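J.: show me the folded form of this:
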Amino acid sequence: MSKKLHFIFSDNRWLVPTNALSVSGLDALSHISLGAFNAQIEDAVHITHSGYGEHVLIDLYKEQVEHADYELLSLREALGVLPPPDFQHLAQAWQYATFLRHHKYCGQCGAQMHKVQWEMAMHCHRCQHRCYPRVSPCIIVAVRRDDKILLAKGVRHQTSGFFSTLAGFVESGETLEHAVHREIKEEVGVEVTNIEYFGSQAWPFPHSIMVGFLADYAGGDLVLDKNEILEADYFDVDNLPNIPPTLSIAGRLIEETVKRIKKS
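T.: Below you'll find the predicted structure:
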C-alpha cells in the first residue's frame, strides 16, 4: 500500500512531528497519527503523488494544536530545513490550502463553490464559474556592473538587514523581460542589458513563483524608490553585506554572479 504524506496546516503554520524533519525529511509526514484530527479527516484533499507516496492536505484553519509529539513551523522556518525538492512539495500543499480557503464562495454570483474531483479547482453549480489556484509571477534579478554587484535593502528587509537582488511582480500584459526592465528602473533608476534566464523557485508567500535573471548594468545613476528601497549600492564581491542564504533563489543569483565575476 502506498504511503500517505499528510500536509497539515493550522492557521498559517505547518504541523509536523517534533524534531523529525531534520532526520527524516518529508517521510516524517507518513508517520503522523491522525487520531487527533478525526473531525478534519473527512475533508482531507488529495494533492498529488510523488516518490514519497500520496500527498494529502488537511487544513485545521484557525484551530490550535498543542501536543508534545507535534510542532508548528512557519514556511520560512521550513525553507531552512528542507532540501529544495521537498520544499516544492510543501509550497504546493500550502498554495492549495490558501486557494481552497479563499474560494469557498463564488466571486461571480456569491453561491457556495464545490471542489472538482478530478483536478484542483473550485466550481460554482449556479453560474458555472470555475476557479483554479492562483500563481503570481515575480521577476528577481542580479545586476552586475563590471566587477561589482548591485544589491539593495528593501523596506521589508528592515528587520533582517539583508541586502538582496531586486524583485517585483509581473504586471498584466507584460513579458518577463519587460518586467525586469521596468522594476529595476522604477526601484533604483538604472537600465540593464544582456538579460539571461537563470532559474525559478516556487515561493508560497502566499502564491508566487520567482523567475530569476542575470543582467548587466547599461546606464543611469542610482535613484531609489523610497517606498520600496532603503539603501542600494554596487558591492565588491569580496566585501558583500549581509545577504540571503542560497536556500533562496536570491542567494543563488548572488552566488552565480560572484562566481562569474571571479572567473572574468
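J.: do a quick rundown of the strands in the stretch 151-264 of the chain.
T.: Using DSSP state E, counting those that start in this stretch, the strands found in the stretch 151-264 of the chain span residues 166-169, 191-203, 208-219, 229-236.
J.: winner for burial among the ones you listed?
T.: strand 166-169 (a mean of 20; mean count of other CB atoms under 10 Å). Glycine gets a C-beta too; all of them are placed from N, C-alpha and C.
J.: and the residue nearest the centre of the chain, what does it touch?
T.: Centroid-nearest residue in the chain, with CA atoms, centre = their mean: W203, separated by 0.9 Å. Shown in contact with W203 (CB atoms under 8 Å, 6 or more residues apart in numbering): 91, 138, 209-210, 249.
J.: got CSV for these, with pLDDT too?
T.: CSV is the format used below for these (pLDDT from 0 to 100):
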residue, pLDDT
A91, 94
C138, 98
I209, 96
M210, 97
I249, 96
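J.: relative to T98, how far out is F9?
T.: Computed as CB to CB, to the nearest Å, the F9 to T98 distance reads 9 Å.
J.: hmm, I typed the wrong one, I wanted A232.
T.: In terms of CB to CB, A232 sits 32 Å off from T98.
J.: same question, V56
T.: 17 Å.
J.: ok, L29 touching L15?
T.: No - using CB atoms under 8 Å, L29 makes no contact with L15, being 9.5 Å away.
J.: between these two, which is the more surrounded one?
T.: Shown here are L29 and L15; by other CB atoms under 10 Å, L29 has more neighbours (27 against 21).
J.: contacts only, for the closest residue to that one other than its chain neighbours.
T.: Using CB to CB, 6 or more residues apart in numbering and skipping residues adjacent in sequence, the residue nearest L29 is L5, 4.1 Å away. When contacts are counted by CB under 8 Å, 6+ apart, L5 touches 26-27, 29-30, 50, 52-56, 89.
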